[in-house]
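1. Coordinates for the following, if possible.
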Amino acid sequence: MSPSAGVLNFDGFVVGKSYGSMTETPDAALVGRWRRLYPQDDFPSDCAPPGMATVLMMRAYMHLLSPRPPGNIHARQQMTLGVPIRLGDSVSTEVACVAKEIRRDRRYVTVRAHGANPQGATCFVGVLTLIWAA
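-> Okay, here's the model as predicted:
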């Protein structure tokens, strides 16, 4: 079965290529939803919780690497935190392909998500390794 037209498949990934960036601004409403889910989290009131970096990374991944074939597997994730994400700061997350390979007849794609605040300081760097379905 061939993938639908426009679906991002393994052959479409180019190592070193940026697939764009997405900007989001964490605000009090988003942090309020976080606090309802994780009331035990303790973080400064003028900052987003450190775990919000994963939310921003995954939203950028889902938006920028789309449409994806069904059946991808999220195999591994690594996150390095930088400066705190301040409420009201627009965080731009760029997603780029850093590696792709075939191992044991499976297609592995590794992408890097770099989140930066308006001053250009790194808020986070996430690396996702996925088993790409098509």
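2. When you work out contacts or count neighbours from here on, use the C-alpha atoms and nothing else.
-> Fine.
3. Which residues does the helix or strand where R112 lies contact?
-> Taking DSSP states H and E as the criterion, R112 maps to strand 106-116. Strand 106-116 has contacts (CA atoms under 8 Å, 6 or more residues apart in numbering) with 10, 13, 53, 57, 60-61, 91-102, 122-134.
4. Next: stretch 31-49.
-> P26, D27, P50, P84, I85, R86, L87.
5. so which of those residues comes closest to L65?
-> Each of the contacts of stretch 31-49 was checked against L65 using CA to CA; the closest is P26, at 21.5 Å.
6. That closest one and V95: what is the separation?
-> 19 Å (CA to CA, to the nearest Å).
7. Now do whichever strand or helix holds M22: distance to the chain's middle.
-> According to DSSP H and E, M22 maps onto strand 18-24. Strand 18-24 sits 9 Å away from the centroid of its parent chain (CA atoms, centre = their mean, to the nearest Å).
8. That one: partners in the sheet, and parallel or antiparallel?
-> Partner strands and pairing direction for strand 18-24 (DSSP bridges) are strand 91-103 (antiparallel).
9. Can I get stretch 36-43 in PDB? Just the C-alpha atoms.
-> Extracted in PDB, the C-alpha atoms of stretch 36-43 (Å, rounded to 0.1, in the frame of the first residue of the first chain):
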ATOM      1  CA  ARG A  36      -4.600  21.200  37.500                       C
ATOM      2  CA  LEU A  37      -2.900  18.200  36.100                       C
ATOM      3  CA  TYR A  38       0.300  18.400  38.200                       C
ATOM      4  CA  PRO A  39      -0.600  20.300  41.400                       C
ATOM      5  CA  GLN A  40       2.500  19.100  43.100                       C
ATOM      6  CA  ASP A  41       4.800  20.900  40.700                       C
ATOM      7  CA  ASP A  42       6.600  23.800  42.300                       C
ATOM      8  CA  PHE A  43       8.000  26.500  40.000                       C
END
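10. Just to be sure, R59 is in a helix?
-> Yes: under DSSP: H, G, I helix; E, B strand; the rest coil, R59 falls within a helix.
11. And P26 and V95? Which one has more around it.
-> V95 (26 against 20; other CA atoms under 10 Å).
12. Okay then, goodbye and thanks.
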